[in-house]
Each structure stands twice: as structure tokens, then as C-alpha cells.
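**Q** 3D model of this:
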Amino acid sequence: MDTSIKKEPVLYVFISLMAILGVVELVLSTHWGPGIGGDATIYITSAHNLLAGKGIGLIQPDGSFRLIPYFPPFFPLVLSLIGLTGADLVESAHWLNMLLFGGLVWLAGSLTYRVSRSTLLAGILAALLAVSPILIPVYSWAMAEPLSIFCGILGLVWLVDYLHKPQRTGLLILSGLLAGLSFLTRYSAVAYLAAGWVGLLVFSTKRWQERLVESLEYLAAGLWPMIIWVIYDVSKTATLASRSLETVDIVSRIASMLPPIKNIILRWLLPDSWIASPRYPASINLLVDILFVLGMLLWFGLIIWKFNKTNNKTYNQDLFQLLILLMIFILAYLGIIFVVYITTYPPITIDDRMFSPIHIDILWIIVLLAGLTLNLWPAWRWLKFGLPVLLILFVGAYGWRSMRIINQNYELGLGYTSPKWRESQTIQALKAMPANSTIVTNETMAVLFLTGRTAYPYAEIYLNKPLVVYSEYGNGDLSSDNGQQRLFREHKAALVLFDSLSSQLESIYGDQTAQRIQNLTDGLQVSYMGSDGVIYYYPTQ
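**A** Coordinates of the predicted model:
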């Protein structure tokens, strides 16, 4: 990479404007506040507890402490550091993620210019990321992905710089450390560390012995934060991330994994309305998925073939190198997701958020492939016009979709900060209950975030199969839920059921869901009935 190339001030102004545009979009999308769900509540509450000297984790309803479950600690640690200034942690997460989105757009755009010497390609990538209808929802929630992605991408940027300035060992250490911090934010982000390690072995110009040494230095810089956390986690919980290995039916797990992946890829290409209610045979959507994956593989294969045949590789070397690094990351990330999904319980959720790092890389790869195509087939003049036009139309389509998403989020809000939850009658009734009340509910995280009260979970929503006997709550198997039903039966706890119970039980009971809920609550004493939930007590004799 020729770092002496003259900077294009117009380009840097443009990608800066795209970064600002991304932040403005998120300001509008999070008009009611950042999206807060169960995971975000765990992050924010863990940070609160750390600041209060209780540790990085959750206080259980019985008063015991539980180390942060399921997640590594770097995101709540960062929130805690910001919280030392007295800042509100919800708003800290809000603004941190918005700024990280702008930073992602700027980093990707500037690196693309440095490896391609093309203002057009760099500008298109910055615009694609800034208006992505996949990334705007992801960054609108107070989650850890933005921090993980930014650390991982910045680590790759510094790795690319090191590969062209191998005498600057500090860049190697910083690159490994950033990849390691990404790993310390999301376990699946170890793929950034893996991609960097393989990239060093493949692209370093040093002798093999020196490559091995520098790759070990890179891994050492990246792994030490996680090693410290794992030792601490296992010493406290005897498990890693509160997940357990289990023997599963691999075929059924793989089968359950494929439908969400199919829909994720479709959402990269088509509006949600086309997926949910297509105006054409639904089978065409599956064909779109297949053609996209095969088309990307064919395009990538053609680039490798042509690159190996060309005599002048110098001009395309930097583009090709970044392309391969991104491909290595995708393969590593997919491999990690696959292994974790089929071997652990509870299984991870396959959704747009989980696949957002891949989405970023796919957009990046499309732009890099376009750049290599224009360079490797210069005689095909129609490509010089056709490919940029297609990419600009792609940006326009993404922008149109994002406008609709932003408008919806602006009106309805996201998660527990939305007007629906803020105005919940049942939440208000909970706030009015005595402070020492014991609660069992199907919405423990909503209760924790909105009232500050810890609650026992209504355990049935976590079952993998339906009950044989539909008993009312308090008269079921008292050994199956860690004593919650016994507390309820002995008049030591209230049962708070929000209307969301129906959707939570539907995957277990199907068309028998309504019957199950009726049997669950028949005969119970209604203490309060709101528009969105009911508070029950066990009937007195």
C-alpha cells in the first residue's frame, strides 16, 4: 500500500459526512431512547452493580450475586468507566454506539481508499454502511456488537498498516490488542483474531521463522485479556459464559439453523415486506438466496483466476490482500457460530445482530470485488459505467429501506424505552407494590429495567417441550422451577404475567397455547388487571 499517495480532501469530507449521516439517522431511530431488551438490561445492570461495588453481574431475587451471564465483560466495563463521570449508563450506551457507527463508516471508507486509490469505491462503501437497513437497527439497540465490531475493524486496519510497515512492531501489538478486546466484547469476535493471525502467516514478507514469531506476538497481545477473564469466570462459576456443553441431535440443530440464515441473507437483498408477503411465488426468495451465494462465490473465483494470470499484480495487491482478510474472517466467524450453535445450551440466537459483522464484510467485499473487476478487465469499458451505477442504485435502495425503518422506530420506539413499555399499566402497578415484594414473571428483564426490582422467571417459557398435565400455577410440579411455585403457593410471591406470555409459549404449545394459559391461571386470585398484564396471588383457603 503506497501510503505516500496524496490524500483526497473531497473524499475525506464525503466519508466524514457519511459518518455524520449515520449518527443523525441513529438519533432519529432512537428518538425514544436506545433499544433496551433483555441482553442490554444485563449489560447496563452489570455496569451499575460494578460501579456500586457489588461486582460485574446481577443480583438475584434471593439476594445472591451472579457473575454476568452469557457475555464477556468489556462492554459493561467501558460503560462503567464512562459512568465514573456521573453519566447515565443508558445514555452512555446510546451515544457510545452512535459514535461507534460513525467511526465504523469512517474507518471502512478511509481504508478502502488507501488500498484502492479510488474515491468512488471508498465513497460508495461509506454510503452503503451509513444507510444500511441492517446496521441501523443493530446500532439502535444498546448492545455490545458496535464496540466489538469497531475494535475488530480497527485491529484489521492496523494489521494492514503493519503488513506494509513491518518495522513498526507497535502496530502489530496494537492490532492484536484491539482484536483481543473485540473478543473480550463478544466471544464470536475471536474470528477477528483468527483472521489477523492467518493474515500474518499468509501476507507477511518475512521469512517463515520470523512470521511464526510475529504471529505468536500477535496472539499473545490479543489473548491475554480473555485469558484473565476466563480464569476469573471459571473460578467463580465453574462454567464459561454460563453456557453448558450438551449432546444434541446435530441434524435437527443444523436444520433449525438454516431457516433464519436464509431470511438473514434475504434481508440483505430485499425489503421485509417482500419476504413476509411476496407478490410472487415464495419459492423465488429461496432462489434469490441461492443465486446470491453462488454469484458471490463465482465472482470471487473469477477474481482469483484473473489475478493469478495477470502480470502486473502490484496495483491490485492491496485490494486483493484486504479482500482475502475479510474472507478469512467470514469463514472463521461462520465456523465459530456453527460449532457454538450445535454444541451449547441455551443455543445462541441466529439473527441480523449476530450476523452484522458478516453483513459489513459482505458489503466491503462487494466493493472490493467491483474495484478488482474494473482493474483486471480494463478493456471492458461498459464495466466502468455499469458497475458503479449498480452500486449507486444499491445505495439508493438501502437508503429508501432505511428511511422506512427509521420512521417506524421514531414513532414506536424500541424495547423497554418505547412508549408502550414506559406507559405500561402493569409496570406502574408493580412500582406501587411494597418494596420487599417477591415477584415471579415472564418478563424479568423488563421488570428489572423499568422498576429496578429483581424477579424470579416464569420457568415454563424455557422448556423445550410441553407439559403433559396443564395444571394451574402453584399446583404443578413444585420441583421443576427452583421453588418459584412453592413461594407462590405459600403466599410469599406474586405471579405477574404480561400479555407477551402468549407469544413466548406459542413455540412450545402451538395451537394449544390459549388453552394452556387458561389452565395456568384458572382459580388464581386476580390482584390487578391492566391493559397489558395481570397480577395473581394464590387463592386463600
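
**Q** When you work out contacts or count neighbours from here on, use the C-alpha atoms and nothing else.
**A** OK.

**Q** Leu147 is in contact with Phe75, correct?
**A** Yes - using C-alpha atoms under 8 Å, Phe75 is in contact with Leu147, at 7.0 Å.

**Q** Between those two, which contacts overlap?
**A** Jointly contacting Phe75 and Leu147 under the rule C-alpha atoms under 8 Å, 6 or more residues apart in numbering are Thr185.

**Q** Report pLDDT for the closest residue to Ser437 other than its chain neighbours.
**A** Excluding its sequence neighbours, the residue lying closest to Ser437 (C-alpha to C-alpha, 6 or more residues apart in numbering) is Ala493, at 6.9 Å. You'll see Ala493 listed with a pLDDT of 94.

**Q** Let me see the contact set for Ala493.
**A** By C-alpha under 8 Å, 6+ apart, the neighbours of Ala493 are Ser437, Thr438, Ile439, Val440, Gln484, Leu487, Tyr537.

**Q** Let's see which of these end up in strands.
**A** Among these, DSSP state E puts Ile439, Val440, Tyr537 in strands.

**Q** Next, count neighbours for the second one.
**A** Residues near Val440, counting by other C-alpha atoms under 10 Å, number 24.

**Q** thinking it is in contact with His491, fair?
**A** No - using C-alpha under 8 Å, Val440 makes no contact with His491, being 11.9 Å away.

**Q** For the residue positioned nearest the centre of the chain, give me phi and psi.
**A** Taking C-alpha atoms, centre = their mean, the centroid of the chain lies closest to Arg353, which sits 3.4 Å from it. With angles defined as degrees, to the nearest 10, Arg353 sits at phi -60, psi -50.

**Q** Give me the spatial nearest neighbour of it, chain neighbours excluded.
**A** Arg353 sits nearest to Val138 (C-alpha to C-alpha, 6+ apart), 5.7 Å away.

**Q** need the contact list for that neighbour.
**A** Going by C-alpha under 8 Å, 6+ apart, the list of residues near Val138 reads Glu145, Asp352, Arg353, Ser356.

**Q** Let me know whether the first one touches Arg186 as I believe.
**A** What that stands for is Glu145. Yes - using C-alpha under 8 Å, Glu145 is in contact with Arg186, at 7.2 Å.

**Q** if I look at the residue nearest to the centre of the chain, how far off is Ile134?
**A** 8 Å (C-alpha to C-alpha, to the nearest Å).

**Q** just Thr112 next, same as before
**A** From Thr112 to Ile134 the distance is 21 Å (C-alpha to C-alpha).

**Q** Between those two, point out the one with more neighbours.
**A** Of the pair Thr112 and Ile134, Thr112 is the one with more neighbours under other C-alpha under 10 Å, namely 28 against 22.

**Q** show me where this structure has strands.
**A** Using DSSP E, strands in the chain cover 57-59, 65-67, 244-245, 344-345, 439-441, 456-457, 494-498, 525-529, 533-537.

**Q** Let's test this: mean pLDDT of the fourth one, rounded?
**A** Across strand 344-345, the average pLDDT comes to 74.

**Q** let's have the chain start at 142 instead
**A** New numbering, starting at 142: the last item is strand 485-486.

**Q** That strand: partners in the sheet, and parallel or antiparallel?
**A** strand 385-386 (antiparallel) (DSSP bridges).

**Q** What average pLDDT does the partner strand get?
**A** 54.

**Q** How about stretch 328-337?
**A** On average, stretch 328-337 scores 96.

**Q** One more: stretch 439-449?
**A** The model assigns stretch 439-449 a mean pLDDT of 92.

**Q** Show me how the record splits this structure into domains.
**A** 142-284+524-562, 565-678 (automatic domain parsing).

**Q** most packed of the ones you listed?
**A** Burial of these is given as mean neighbour count (mean count of other C-alpha atoms under 10 Å); domain 142-284+524-562 ranks first at a mean of 20.

**Q** Does Leu300 touch Gly311 like I think?
**A** No - Leu300 is beyond contact range of Gly311, at 10.4 Å (criterion: C-alpha under 8 Å).

**Q** The two: which is more packed in?
**A** Taking Leu300 and Gly311 together and counting by other C-alpha under 10 Å, Leu300 has the greater number of neighbours (25 against 12).

**Q** dump the residue contacts of the residue lying closest to that one once chain neighbours are set aside.
**A** Nearest non-adjacent residue to Leu300, counting by C-alpha to C-alpha, 6+ apart: Ser316, 5.5 Å away. By C-alpha under 8 Å, 6+ apart, Ser316 lies in contact with Leu295, Gly296, Leu297, Val298, Trp299, Leu300, Tyr359.

**Q** The third one: how many residues sit nearby?
**A** Right, the one you point to is Leu297. 25.

**Q** contacting residues for it?
**A** Contacts of Leu297 (C-alpha under 8 Å, 6+ apart): Ser316, Ala320, Tyr333, Gly337.

**Q** circling back to that earlier point, taking the contacts of Ser316, please make a PyMOL selection of just the buried ones.
**A** This is how PyMOL selects the buried members of these, with burial counted by 16 or more other C-alpha atoms under 10 Å:
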select buried, resi 295+296+297+298+299+300+359
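
**Q** ok, the contacts of Ser316 vs Val371, which is closest?
**A** Tyr359 (19.1 Å; C-alpha to C-alpha).

**Q** Surely that closest one touches Trp338?
**A** Yes - Tyr359 is within contact range of Trp338, at 7.0 Å (criterion: C-alpha under 8 Å).

**Q** sorry, back to before: nearest to Ala573, of the strands of the chain?
**A** strand 666-670 (11.3 Å).

**Q** For the closest one, which strands pair with it and how are they oriented?
**A** strand 674-678 (antiparallel).

**Q** report the angle between the axes of the partner strand and strand 635-639?
**A** 160 degrees (axes from the mean of the first three to the mean of the last three C-alpha atoms, to 10 degrees).

**Q** Identify all contacting residues around stretch 213-225.
**A** Here stretch 213-225 makes contact (C-alpha under 8 Å, 6+ apart) with 184-185, 187-189, 191-192, 197, 230, 233-234, 285, 288, 322, 325-328, 370, 382.

**Q** Poorly predicted segments of this structure, please.
**A** 142-148, 379-390, 452-456, 487, 619-620, 682 (pLDDT under 70).

**Q** same thing but at 50, please
**A** Residue ranges of the chain with pLDDT under 50: 142-146.

**Q** Now do the longest helix seen in it: distance to the chain's middle.
**A** Longest helix of the chain, by residue count under DSSP state H: helix 522-553. Chain-centre distance of helix 522-553: 22 Å, with C-alpha atoms, centre = their mean, to the nearest Å.

**Q** Check stretch 478-486 too.
**A** Relative to its chain's centre, stretch 478-486 lies at 16 Å (C-alpha atoms, centre = their mean).

**Q** Please write out the alpha-carbon positions of that stretch in PDB.
**A** Extracted as PDB, the C-alpha positions of stretch 478-486 are listed here (Å, rounded to 0.1, in the frame of the first residue of the first chain):
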ATOM      1  CA  ILE A 478     -21.200 -19.700  15.100                       C
ATOM      2  CA  PHE A 479     -21.800 -23.200  13.700                       C
ATOM      3  CA  VAL A 480     -19.900 -25.000  16.400                       C
ATOM      4  CA  VAL A 481     -21.300 -23.000  19.300                       C
ATOM      5  CA  TYR A 482     -24.900 -23.300  18.000                       C
ATOM      6  CA  ILE A 483     -24.800 -27.100  17.700                       C
ATOM      7  CA  THR A 484     -23.000 -27.800  20.900                       C
ATOM      8  CA  THR A 485     -24.200 -25.500  23.700                       C
ATOM      9  CA  TYR A 486     -27.300 -24.800  25.700                       C
END
